[in-house]
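Chemist: sequence-free structure coming up:
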């Protein structure tokens, strides 16, 4: 019953009051966050960069071989004999 009354009272608030209540909740939650340290941020950044580079190389190689195969197929079927 108390929740229903509390919810109903929130609906009667003006827009600025609702925004203020929302932002207060956001700030309260952000204070509970355990932020990573500098060393952890660096380590995870290196992991992300290495992973992105590895995927770029992988997809570059796959793209090269697919383009080579496509070119080979086109040349095979479009040769005028």
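Modeler: Perfect, thanks for sending it. Keep in mind the model is a prediction, meaning the values are calculated, not measured.
Chemist: all helices of the protein, in order?
Modeler: Shown for the chain, the helices assigned by DSSP state H span residues 2-11, 15-32, 38-78.
Chemist: This structure - how does it break down into domains?
Modeler: By the assignment in automatic domain parsing, the chain contains the domains 1-33, 37-81.
Chemist: Lowest average confidence across those, which one?
Modeler: Ranked by mean pLDDT, the domains of the chain bottom out at domain 1-33, with a mean of 83.
Chemist: Any chance of the helices of the chain in CSV with mean neighbour count as columns?
Modeler: C-beta: built from backbone N, CA, C; applies to glycine. Conversion of those to CSV gives the following (neighbours: other CB atoms under 10 Å):
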stretch, mean neighbour count
helix 2-11, 8
helix 15-32, 10
helix 38-78, 10
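Chemist: Could you check how far residue 26 is from residue 19?
Modeler: From residue 26 across to residue 19, the span is 10 Å (CB to CB, to the nearest Å).
Chemist: and what of residue 38?
Modeler: Separation of residue 38 from residue 19 (CB to CB): 34 Å.
Chemist: likewise residue 52?
Modeler: Separation of residue 52 from residue 19 (CB to CB): 38 Å.
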